[in-house]
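In: Predicted structure and sequence below. I'll ask about it afterward.
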Amino acid sequence: MSSELLAPLDLAFWHLESAEHPMHLGALAHFDPRPGSDGGQILELLAERAAAIPRLRMCVRGVWLPIGGAAWVADKDFDVHRHVRRVRLPAGDFDTEAVRVAGELMERPLERGLPPWRMYVLTGEDDGAFAVLVKLHHALADGMRAVAIGAGILDQLAAPSARRRRPVPPRSWLPGPRQVA
């Protein structure tokens, strides 16, 4: 089984966590309804996208050396549906309920021994509006890594028509051959 040691800062985040001081971060995104879509379809799309990201299929395990170290290892029993869940919001103002429920979900610690992330599709009544809460352990992602994971999961929701092509920079932006004096 292949493994990769946690970087020192990620290892610190992993060891600093306690019940009183969880070390996860989250993002809540609200989406307007799309004709013909429902929470179940959104859930399956997100599950498929998340399962395609290799790091999200890995968990943290302690290692013998270095002492106190830990490594990312593949979760041999990975089931994306353990991580991506649908939560139906109670009746009321969708935005208010989504924020309240997201707060409650963020209070819960991530389960050690599993890949350290969760995603929730928060659905309201019949208007089709939904929100997505992504919850990641700080050892898994911070800064640009979190943005990359979010983009890998959510980009199809933001652009439901055709897949967007990555823009190609103008030729003047590309580095040319280096001149040696």
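Out: Nice, thanks for sending it over.
In: Please list the outside residues in contact with the helix or strand bottoming out on mean pLDDT in the chain.
Out: Ranked by mean pLDDT, DSSP states H and E, the weakest helix or strand in the chain is helix 144-158, scoring a mean of 80. Residues from elsewhere that reach helix 144-158 (CB atoms under 8 Å, 6 or more residues apart in numbering): 25, 27, 29, 31, 42, 45-46, 49-50, 52-53, 55-56, 119, 132, 134, 136, 140-141, 163-164. C-beta coordinates here come from the backbone N, C-alpha and C atoms, glycine included.
In: before we move on, what about stretch 19-26?
Out: Under CB under 8 Å, 6+ apart, the answer for stretch 19-26 is 13-14, 16-17, 102, 105-107, 109-110, 116, 133-139, 141-142, 146.
In: Kindly write the ChimeraX command that selects the buried subset of the residues you listed.
Out: The buried subset of the contacts of stretch 19-26, as determined by 16 or more other CB atoms under 10 Å, is captured in ChimeraX by this line:
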select :13,14,17,102,105,106,110,116,133,134,135,136,137,138,139,141,142,146
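In: Please flag which of the contacts of stretch 19-26 sit within strands.
Out: Judged by DSSP state E, strands contain the following of the contacts of stretch 19-26: 133-137.
In: Next, format the residues you listed as CSV and append pLDDT.
Out: Converted to CSV, the ones in strands among the contacts of stretch 19-26 look like this (pLDDT from 0 to 100):
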residue, pLDDT
L133, 96
V134, 95
K135, 96
L136, 95
H137, 96
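In: just curious, which of the residues you listed is nearest to V60?
Out: H137 (8.2 Å; CB to CB).
In: give me phi/psi at the nearest residue to the closest one once chain neighbours are set aside?
Out: Excluding the flanking residues, the one nearest H137 by CB to CB, 6 or more residues apart in numbering is P116, at 3.4 Å. The phi and psi values for P116, taken as degrees, to the nearest 10, are phi -80, psi 70.
In: quick thing: my sequence starts at 415, can you match it?
Out: I'll keep to 415 as the first residue from here, and by that count the last item is P530.
In: was I right about P530 contacting L524?
Out: Yes - contact status for P530 versus L524: in contact at 4.8 Å, counting by CB atoms under 8 Å.
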